[in-house]
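Engineer: Structure for this input, please:
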Amino acid sequence: MEVFKDLFQEIKDRIRNPLFSSFAIAWIFFNWRITVAILFYDNEALKRAGYNTLNNLINAKQDNLKMIFYPLLSALFYVFVFPFIRNGITEFLFARKIENENKILEKNKKASVKLERYVDLLKELEDQQKLVGDIYSEQKKELERSSKLQNELNNEKSTNSDLTTSLTKLRKDLGNISAIASTPLVLSGIWICKRLVNGEFSEKQWAITGSDIYEGDERYRIIDFLYNPSTRQIHITLQFEIRSSMNSPHAYLIDYMTLGSYLLDYNENDKSYSNKDDTFTLTKKD
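Structural biologist: Down below sits the predicted model:
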């Protein structure tokens, strides 16, 4: 059904095309005998006309000039040339109409001086009405500009008020932020640390005391710690302690390697801190 629908739509569009329809009408005109034979002749009529079949009649009446050239030339003339001729006739008739109207108006002006005076007064009235309209439009524009400036002023005041409020809040937040370099008491205690290591999650128990973190025999250090009490957000930087054995079995060369920096948000539900992608989580152990 969709194929037939598209086919009928394509046929309809082609028929509506001026060039196609003009060509079809011209072709019927120049080849009227073939058209009449197709529509009205039966086999007996064809034989009376001296043709055995409809194909014999079409072949006998075929003429390239009538079949293609004349219809195409007529269609091109109708589509591209005839509109100019029609427009020229219309313009000529319109010009004649204007000319006749001007002649009638000229006769009326000469016949009555009062009519000319009336036309002048009417023009003056129209000019005065136009002047009043221009003044009104200008006043209206001034009012609109004034209203726009007032709205902009109000918006500026509102923006300044918002900026002042934001600045006050920012100052308050900055005042609440405390940097604890030596003893981050917020994290003191036993925590379960879950972090992504080499593509897999590792879960260890951390004992945090001051700036030291103990994971069994391993030790980490907190070298940078920022805490915002209002949002309970933490920024923490950790180092991992590396022990290199020396000649003595009880002597070590201690070095540190930065483990990473994390911005942690507090989750009230499970009393935990975690970063945005949950690759580093600290959960308070009861």
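Engineer: Map the structural domains onto the sequence of this structure.
Structural biologist: 2-86, 179-284 (automatic domain parsing).
Engineer: Show me the helices in the stretch 51-200 of the chain, by range?
Structural biologist: For the stretch 51-200 of the chain, applying DSSP state H, counting those that start in this stretch gives helices covering 54-61, 64, 70-76, 82-111, 113-176.
Engineer: Which other helices and strands does the last one contact?
Structural biologist: When you say that, I think you mean helix 113-176. With contacts defined as 3 or more Cβ pairs under 8 Å, 6 or more residues apart in numbering; DSSP states H and E, helix 113-176 has these neighbours: helix 82-111. All C-beta spots, glycine's among them, are computed from the backbone N, C-alpha and C.
Engineer: what is the orientation angle of the helix it packs on with helix 113-176?
Structural biologist: 120 degrees (axes from the mean of the first three to the mean of the last three Cα atoms, to 10 degrees).
Engineer: any idea of the mean pLDDT in helix 82-111?
Structural biologist: Per-residue pLDDT over helix 82-111 has a mean of 77.
Engineer: same check, this time on stretch 192-212
Structural biologist: Here the average pLDDT along stretch 192-212 is 86.
Engineer: residues making contact with it?
Structural biologist: Stretch 192-212 is contacted from outside by 181-184, 187-191, 213-216, 219-223, 225, 279-283, 285, using Cβ atoms under 8 Å, 6 or more residues apart in numbering.
Engineer: which one of the helices of the stretch 51-200 of the chain lies closest to Ser22?
Structural biologist: helix 70-76 (3.8 Å; Cβ to Cβ).
Engineer: Go through that closest one and flag the buried ones.
Structural biologist: Tyr70, Pro71, Ser74, Ala75 (16 or more other Cβ atoms under 10 Å).
Engineer: Lys194 - how many residues pack around it?
Structural biologist: 17 (other Cβ atoms under 10 Å).
Engineer: same check, this time on the one 5 residues further on
Structural biologist: Using other Cβ under 10 Å, Gly199 has 5 neighbouring residues.
Engineer: Is Tyr220 located within a strand, as I assumed?
Structural biologist: Yes. Under DSSP: H, G, I helix; E, B strand; the rest coil, Tyr220 sits within a strand.
Engineer: Tell me what it is bridged to.
Structural biologist: Counting by DSSP bridges, Tyr220 is bridged to Ile213, Phe240.
Engineer: now the domains of the chain in CSV, with distance to Tyr118?
Structural biologist: Compiled in CSV, those are given as follows (distance: least, Cβ to Cβ, whole Å):
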stretch, distance to Tyr118
domain 2-86, 40
domain 179-284, 84
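Engineer: The ones you listed: which one's closest to Leu131?
Structural biologist: domain 2-86 (43.1 Å).
Engineer: Please compute how far that closest one lies from its chain's middle.
Structural biologist: In terms of Cα atoms, centre = their mean, to the nearest Å, the centre of domain 2-86 is set 48 Å apart from its chain centre.
Engineer: next one: stretch 194-210
Structural biologist: The answer for stretch 194-210 is 47 Å, by Cα atoms, centre = their mean.
Engineer: Distance across it, terminal residue to terminal residue?
Structural biologist: Counting by Cα to Cα, to the nearest Å, you get 20 Å between the two ends of stretch 194-210.
Engineer: what do you get for stretch 206-223?
Structural biologist: End residues of stretch 206-223 are separated by 16 Å (Cα to Cα).
Engineer: buried sites along it?
Structural biologist: Trp206, Ile208, Ser211, Ile213, Arg219, Tyr220, Arg221, Ile222.
Engineer: Please apply the same query to stretch 74-87.
Structural biologist: Applying 16+ other Cβ under 10 Å to stretch 74-87 flags Ser74, Ala75, Tyr78, Val79 as buried.
Engineer: Touching it from outside, list them.
Structural biologist: Pro18, Leu19, Ser22, Phe23, Ala26, Phe29, Phe30.
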